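>>> with the sequence up front, the predicted model follows.
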Amino acid sequence: MAYVKKAESQHVAPRCSWGPAEQRREASNDIYFIISNELLVNKDASVPFSPRQVTSASDASFHSVSFSETDHPKVLITGGLGQLGVGLAKLLRKRFGKNNVILSDIRKPPTHVFHSGPFIYSDILDYKNLREIVVNNRITWLVHYSALLSAVGEANVPLARAVNITGLHNILDIAAEHGLRLFVPSTIGAFGPTSPRNPTPDLCVQRPRTIYGVSKVHAELMGEYYHHRYNLDFRCLRYPGIISADSQPGGGTTDYAVQIFHDAVKTGKFECNLKPDTRLPMMYIDDCLRATLEVMEAPAETLSMRTYNINAMSFTPDELAQEVQKQLPDLQVTYSIDPVRQAIADSWPMNFDDSNARNDWNWKHDYDLPELVQTMLNFIGSDSQVAQAS
Ligand SMILES: NC(=O)c1ccc[n+]([C@@H]2O[C@H](COP(=O)([O-])OP(=O)(O)OC[C@H]3O[C@@H](n4cnc5c(N)ncnc54)[C@H](O)[C@@H]3O)[C@@H](O)[C@H]2O)c1
Ligand SMILES: C[C@@H](O)[C@H](N)C(=O)O
């Protein structure tokens with residue numbers, strides 16, 4: 001393979017920020033080769049910049065004929081052992097068949113998850129491993145859930161940058177190369193203190209102050225760019241804080257709204273790490289997962305955008321506590337503020353404008369605050385009764 005040196009002015013990639021691992025991976029694809037800060041380009045490549053092996057928009061659409069709308073998609077979920085992945089796999093398996101949905105993660109699955117359907121190890125930082133999984137399993141849809149959330153991201157910025165940004169680059173290139181339909185969730189955290197906060201529309205200033213938010217704005221923009229440049233079928237929803245009963249949150253700012261239910265049922269006491277009047281958009285997990293399936297199934301012509309806000313409700317810790325106290329009047333709530341999480345929450349939307357999702361593909365939530373509280377308490381209450389009995 002012969003390589004020639006390429007003029008720096010034609011070079012689009014930010015060389016100096018690339019780490020050695022990324023250089024090795026690029027080199028293995030025989031397209032780019034970075035040595036000693038000099039870019040060497042495969043002179044046989046037909047265009048100066050393209051994602052890995054995809055050489056043009058027409059090539060990308062050629063690959064995409066492998067998925068017909070009448071077939072069941074073959075779905076891979078990355079980061080599938082977090083708060084949302086197992087529930088999504090359950091929903092998609094009901095619709096497309098157990099063996100058509102593969103969960104993946106870098107962690108060991110619990111027994112019930114391992115036995116509920118296909119599970120595979122996949123580290124999104126390993127490009128070749130990802131490609132092998134996509135090829136060997138004839139994947140047509142990729143749901144990319146791997147990420148470090150807002151609070152854990154601030155605690156480990158280099159890891160968050162690697163997983164949320166470098167990992168995303170791998171996912172985008174694999175998806176473009178194999179003509180996949182790609183879903184990447186974004187978040188209310190993609191907005192910042194200079195965004196309009198009440199309500200926050202789809203299109204406005206986005207200057208988040210967390211590595212999580214910055215990486216999610218990057219994901220939105222890169223996905224939309226790949227859609228325009230390479231015809232990638234990229235779909236993205238900005239989720240609010242998601243509340244679930246049978247899965248734990250992974251280290252975010254909205255985690256308190258899950259923990260309150262467990263503590264209320266188990267101890268009757270809850271210490272909240274956000275101030276009582278901190279208003280944030282929230283959603284019950286069933287609505288979130290259904291929205292994800294609906295936007296993935298929406299005909300492309302109904303999507304006037306590729307990144308949508310979705311919302312269900314907005315509340316403060318005090319309002320949530322009052323609603324829980326309607327069912328459990330003895331619940332005692334105290335406040336011990338976490339300054340990192342509070343600063344993040346104070347920069348995020350208070351209300352989310354999701355009118356475009358409602359107009360374009362008929363998004364509609366089912367759960368408001370009272371139904372959410374009832375459902376969570378029913379689930380956690382019955383779960384703890386089963387635990388006590390056994
Ligand atoms: N849960 C929410 O409230 C919420 C809200 C908005 C957006 N989102 C987004 O939805 C997605 C899923 O969220 P979640 O709450 O399930 O997250 P989570 O933190 O619970 O799970 C993330 C998963 O990613 C995995 N992971 C980490 N590094 C990885 C790597 N190198 N390769 C493969 N997997 C790796 C982790 O093991 C973990 O299981 C994320 O992208 C998140 O940003 C979630
Ligand atoms: C809002 C969302 O992205 C996540 N639950 C977090 O708080 O980080």
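Yes, it's here. Numbering: from 1, shown residues only. Ligands and ions are numbered 1, 2, ... in the order given.

>>> can you show me the CA trace of stretch 125-133 as CSV?
This file holds the C-alpha atoms of stretch 125-133, laid out as CSV (Å, rounded to 0.1, in the frame of the first residue of the first chain):
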residue,chain,number,x,y,z
LEU,A,125,-13.9,1.9,21.5
ASP,A,126,-13.0,-1.3,19.6
TYR,A,127,-13.8,-0.4,16.0
LYS,A,128,-12.9,-3.8,14.5
ASN,A,129,-14.9,-5.7,17.1
LEU,A,130,-18.0,-3.5,16.4
ARG,A,131,-17.6,-4.1,12.7
GLU,A,132,-17.4,-7.8,13.2
ILE,A,133,-20.5,-7.9,15.3
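
>>> and D71, what element?
Assigned by DSSP states H and E, D71 belongs to no helix or strand.

>>> return the residues in contact with it.
T140 (Cβ atoms under 8 Å, 6 or more residues apart in numbering). In this view, the C-beta of every residue, glycine as well, is placed from N, C-alpha and C.

>>> show the pLDDT at it.
We have a pLDDT of 75 for D71.

>>> for the one 4 residues further on, same thing?
In this model, V75 is scored at 98, pLDDT.

>>> nearest spatial neighbour of the residue in the stretch 201-350 of the chain positioned nearest to ligand 2, chain-adjacent residues omitted?
Across the stretch 201-350 of the chain, the shortest distance to ligand 2 (Cβ to the nearest ligand atom) belongs to G252, at 2.4 Å. Once flanking residues are discounted, G252 sits nearest to L149: 3.9 Å by Cβ to Cβ, 6 or more residues apart in numbering.

>>> surely the one you found touches G250?
Yes - using Cβ atoms under 8 Å, L149 is in contact with G250, at 5.2 Å.

>>> just the strands from the stretch 151-300 of the chain, written as ranges.
181-183, 186-187, 233-239, 241-243, 269-272, 280-284 (DSSP state E, counting those that start in this stretch).

>>> picking that back up, neighbour-wise, which of L149 and G250 wins?
Between L149 and G250, counting by other Cβ atoms under 10 Å, L149 is the more crowded of the two (22 against 17).

>>> the more buried one: what's it in contact with?
Y212, P249, G250, G251, G252, T253.

>>> swap in I337?
Neighbours of I337 in contact, by Cβ under 8 Å, 6+ apart: N273, L274, K275.

>>> which of those residues are close to ligand 2?
Among the contacts of I337, not one lies near ligand 2 by Cβ under 6 Å from any ligand atom.

>>> quick check on those: which are buried?
Buried residues within those, defined by neighbour count using 16 or more other Cβ atoms under 10 Å: N273, L274.

>>> can you lay out the contacts of I337 as JSON lines showing distance to M376?
Putting the contacts of I337 into JSON lines (distance: Cβ to Cβ, whole Å) gives the following:
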{"residue": "N273", "distance to M376": "19"}
{"residue": "L274", "distance to M376": "18"}
{"residue": "K275", "distance to M376": "22"}
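
>>> with respect to I344, which of the contacts of I337 is nearest?
Distance to I344 across these (Cβ to Cβ) is lowest for L274, with 9.4 Å.
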